[in-house]
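# Return a 3D structure for these sequence lines:
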Amino acid sequence: MAHPSNQNDAVLSASELHLSFGNQAVLDAATLAVYPGEKVGLVGRNGCGKSSFLRIVAGEETADAGTVSKKQGLVIGYLPQEFQLDEDSTVEANIRDGAAELIAMIARYENGHDTLSHTETDRLLAAIEHGDGWNLENRIETLMRELAAPPGHRLVKELSGGEKRRVGLCRALLAQPDLLILDEPTNHLDAGAIAWLEGYLAESKSACLFVTHDRYFLDRIATRIVELADGRFFSHDGNYSDYLIAKEERQERDQAVEHKRQRFLSREIEWVRAGVKARGTKQRSRLDNFYAVKAQKAPEKDLDMELVIPPPPKLANVVVDLQEVGFFYEREPLFLGLDLECKAGECIGVVGPNGAGKTTLLRLILGTLEPTTGTRRMGKRTEFNYVDQTRLELNEDNSVLEEVSQGLDTVKFGEESLSVRSYLARFLFTNERINDRVGNLSGGEKNRVLLAKILRRGGNFLILDEPTNDLDLQTLRVLEEALINFDGTALVVSHDRWFLDRVCDRVIVFDGQGGISVNEGNYSYYLEKRRASESAAKPKPAKSPKPGRAASDSDKPRKLKWKEERELETMEEVILAAEDEVAALEEKLNDPAFYITHAVEAPALIAELEQKKESVLALYARWEELESIRAAAG
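Numbering: from 1, shown residues only. Modelled structure (predicted):
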């Protein structure tokens, strides 16, 4: 979406913002405008200042310097990472609080007919209609249902962290604000709720400024990506895929300029060292120019964690084997009939609605819970490393070094040992930051401390429950690469579809109605097959005989023609070949190295990938059609 160049048209503009924490400047003359209806995805490393910026433009904090301007009468809906709800109030009351001003206007209009002037009545009606106030009750019901909010009568203090977050999101969306400011809106939402939220925001006329680690969400919602790096904003029109290409081009330009600068300095340094006296105007000008160029700052380089999961001990032939496993909760089956043979070197994804039984499955695999039906067998060499949703507790008074070292100087890394400092350097902690208190770290830095603390425990069966929450995009990419190259077995519970597509060989899906299935391939492949199956299963309207005519032979189910029989015989082979082509393209596009040398080819390949996916769906639909004809005839 092209945005106006005139900042007077913006619903919100931030100009020359400065913000520092100690010696660290997170905003350095940062300037950004948001225009009506556009969806701006804000990206950048954890700790770079994204959440701080959102708090400033939402009016929750104040910058050290600079200005924030808002369109007159602007209504803002804000979902911060650390939000406050009224703990002693109900779910519904907290959600309604998001439209408190609108609700007050409706009450004033309905109760003040005798006291309001015509002008004030017109003003109230216009404001109520602008906020779609007459449909407020329907919106509350829809939001609570689609975002899986807890029942409206429950007290907030009884809720889990994830439930509270869904209540907070309902509250932020309720008033249909002119500007939505959302900090990690997809956290604690299942795939169905995320898909609904994508559709809602895509159709919404509200402008939206949001931070998320969900790359599919960024791709489908963002009309502009803004990167916060080195205290400044870099704007890229388009979605996340467009941004990756544009960023690569920007970095290439910056490196070319830096290369030119270094060549100039190399040429001039000998002249400076020669000690030529700067008596003449030309000499003084040349010397001034040298020092001005020398003082220019080199472009920031993206540093990535050198995250390698410690080499695992060798697994036996049997890792964990579940046969006909089921589990009952209060005499009701949570799921039944699960067959799962975990294998060395594979990564298994687990998806499903909240409360469907995902954590129960993890506990059954770990052996901390016994199955109600079926059997569990564990290999003799299997060593678990389980990272649950609550993670490990961090002592905020400890330094990073103290928290991870546990009093030891080295970390066991497979058969070798690393110094704790070398180990922490892999997680992007400088020597200065290693000695800093955990309490002084950003949320993202704390997550990197947790990763370092968890992964040092080793093991050959890694179980991660929602590992992607609150990790920045660069850290997610590195974690993906580490899991792909991990020689042990990994099982991950996640709602992050991009993450699941990158790392998973199989996906276990809970349907939320007691059903569970194990599916080969990644999550997108599972969704494609499910859509094709659902499409083929839709009943086609039967042709009724014309009035006054008995059913003839032509109304009877027909048989397959000879060509259709041959087509059906080869259909499975054709589908497998088409799926291999899709997998090869996805592997190429998911490889970060591809964008370094072939970024310009990405748009054409993405379009080709979409066409091939549509072809696979069409093949599945044709297969189902031919099978239906054969079954009806038989």
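
# Could you count how many residues lie near Glu416?
Close neighbours of Glu416, defined as other Cβ atoms under 10 Å, add up to 10. C-betas here are computed from N, CA, C, even on glycine.

# One more: the one 10 residues further on?
The tally of other residues near Arg426 (other Cβ under 10 Å) stands at 20.

# same deal with Thr375?
Thr375 has 10 nearby residues by other Cβ under 10 Å.

# ok, the closest residue to it other than its chain neighbours - contacts?
Computed as Cβ to Cβ, 6 or more residues apart in numbering, the closest residue to Thr375 that is not its neighbour in sequence is Gln323, at 5.1 Å. By Cβ atoms under 8 Å, 6 or more residues apart in numbering, the contact list for Gln323 reads 339, 374-375, 377.

# Look at Gln323 and give its secondary structure.
strand (DSSP: H, G, I helix; E, B strand; the rest coil).

# which of the contacts of Gln323 count as buried?
Neighbour counting by 16 or more other Cβ atoms under 10 Å classes Gly374 among these as buried.

# out of the contacts of Gln323, who's nearest Glu520?
Checking the contacts of Gln323 against Glu520 by Cβ to Cβ gives Asp339 as the nearest, at 13.3 Å.

# Now that closest one: closest residue in space that isn't a chain neighbour?
Gln323 (5.8 Å).

# From the contacts of Gln323, pick the one nearest Gly521.
Gly521 lies nearest to Asp339 out of these, by Cβ to Cβ, at 17.3 Å.

# wait, what's in contact with the closest one?
Contacts of Asp339 (Cβ under 8 Å, 6+ apart): 322-325, 518.

# Check Leu27 too.
By Cβ under 8 Å, 6+ apart, the contact set of Leu27 is 17-19, 49, 52-53, 63, 66, 231.

# one step back: quick check: of the contacts of Gln323, which lies closest to Ser235?
For the contacts of Gln323, the nearest to Ser235 is Asp339 (50.6 Å; Cβ to Cβ).

# How is the closest one assigned, secondary-structure-wise?
strand.

# again, but for Val68
Val68 is classified as strand under three-state DSSP.

# what number of residues lie near the closest residue to Asp501 other than its chain neighbours?
Distance criterion Cβ to Cβ, 6+ apart; nearest residue to Asp501, sequence neighbours excluded, is Asn522 at 4.5 Å. Residues near Asn522, counting by other Cβ under 10 Å, number 23.

# Correct me if wrong: Asn522 contacts Phe499.
No - between Asn522 and Phe499 there is no contact under Cβ atoms under 8 Å: 10.0 Å.

# so Val68 makes contact with Ala14?
Yes - the criterion here is Cβ under 8 Å, and Val68 meets it with Ala14 at 5.0 Å.

# Please, where are all the helices along the stretch 401-550 of the chain?
420-425, 431-434, 443-455, 473-484, 497-503, 523-537 (DSSP state H, counting those that start in this stretch).

# what sits up against the shortest one?
This means helix 431-434. 399-401, 421, 424, 441, 445.

# let's see it at 7 Å
400-401, 421, 424 (Cβ atoms under 7 Å, 6 or more residues apart in numbering).

# in that helix, what counts as buried?
Residues of helix 431-434 classed as buried by neighbour count (16+ other Cβ under 10 Å): 433-434.

# Measure how far that helix is from the centre of its chain, please.
29 Å (Cα atoms, centre = their mean, to the nearest Å).

# Tell me both backbone torsions, phi and psi, for the residue nearest the centre of the chain.
Nearest to the mean C-alpha position of the chain, counting by Cα atoms, centre = their mean, stands Asp214 at 1.3 Å. Backbone dihedrals for Asp214, given as degrees, to the nearest 10, come out at phi -80, psi 100.

# likewise Ala175?
Torsion angles, degrees, to the nearest 10, at Ala175: phi -80, psi 0.

# For Gly488, give me the pLDDT.
Per-residue pLDDT puts Gly488 at 91.

# can you check Gly49 too?
On the pLDDT scale, Gly49 gets 87.

# ok, for it, nearest residue in space, not its chain neighbours?
In space, Gly49 is closest to Val26, 3.2 Å off (Cβ to Cβ, 6+ apart).

# Surely that neighbour touches His18?
No - using Cβ atoms under 7 Å, Val26 is not in contact with His18, being 9.3 Å away.

# between those two, who's got more neighbours?
More crowded of Val26 and His18, by other Cβ under 10 Å: Val26, with 22 against 15.

# residues contacting that one?
19-20, 48-49, 52, 231.

# what's the farthest-apart pair in the residues you listed?
Largest pairwise distance in the contacts of Val26, by Cβ to Cβ, is 13.0 Å, between Ser20 and Cys48.

# Looking at these two, which one has more neighbours?
Set side by side, Ser20 and Cys48 show more neighbours around Cys48, with 21 against 15, by other Cβ under 10 Å.

# Okay, angle between the longest helix seen in the chain and helix 473-484 too, please.
The longest helix of the chain (DSSP state H) is helix 240-273. Calculated by axes from the mean of the first three to the mean of the last three Cα atoms, to 10 degrees, helix 240-273 forms an angle of 110 degrees with helix 473-484.

# buried ones in helix 240-273?
The neighbour-count check on helix 240-273 (16+ other Cβ under 10 Å) flags 240-248, 268 as buried.

# Save the residues you listed as CSV, and put in distance to Phe510 and pLDDT too.
Formatted as CSV, the buried residues of helix 240-273 follow (distance: Cβ to Cβ, whole Å; pLDDT from 0 to 100):
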residue, distance to Phe510, pLDDT
Tyr240, 28, 85
Ser241, 30, 82
Asp242, 34, 84
Tyr243, 33, 83
Leu244, 32, 80
Ile245, 36, 80
Ala246, 38, 75
Lys247, 37, 74
Glu248, 38, 73
Glu268, 66, 68
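
# Export those residues as JSON lines, with columns for distance to Pro36.
Shown next, in JSON lines, are the buried residues of helix 240-273 (distance: Cβ to Cβ, whole Å):
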{"residue": "Tyr240", "distance to Pro36": "22"}
{"residue": "Ser241", "distance to Pro36": "24"}
{"residue": "Asp242", "distance to Pro36": "21"}
{"residue": "Tyr243", "distance to Pro36": "22"}
{"residue": "Leu244", "distance to Pro36": "27"}
{"residue": "Ile245", "distance to Pro36": "27"}
{"residue": "Ala246", "distance to Pro36": "23"}
{"residue": "Lys247", "distance to Pro36": "26"}
{"residue": "Glu248", "distance to Pro36": "30"}
{"residue": "Glu268", "distance to Pro36": "50"}
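
# before we move on, the earlier item: compare neighbour counts for Val68 and Ala14 and give me the winner.
Remark: of Val68 and Ala14, Ala14 carries more neighbours, 22 against 17, as counted by other Cβ under 10 Å.

# partner strands of the strand or helix carrying that one, parallel or antiparallel?
Using DSSP states H and E, Ala14 sits in strand 12-21. Each strand paired with strand 12-21, and its direction, by DSSP bridges: strand 24-34 (antiparallel), strand 65-70 (antiparallel).

# still on that earlier bit, just the buried ones out of the contacts of helix 431-434, please.
Judged by 16+ other Cβ under 10 Å, buried ones among these: 400-401, 421, 424.

# can you tell me which two in these are farthest apart?
Using Cβ to Cβ, the buried ones among the contacts of helix 431-434 reach their maximum pairwise distance at Val400 and Arg421, which is 10.2 Å.

# which residue ranges form the helices in the stretch 101-250 of the chain?
Using DSSP H, counting those that start in this stretch, helices in the stretch 101-250 of the chain cover 118-130, 136-146, 161-174, 191-203, 215-221, 240-273.

# Redo the ones you listed as CSV? Include distance to Leu450.
Converted to CSV, these look like this (distance: least, Cβ to Cβ, whole Å):
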stretch, distance to Leu450
helix 118-130, 45
helix 136-146, 32
helix 161-174, 16
helix 191-203, 24
helix 215-221, 21
helix 240-273, 26
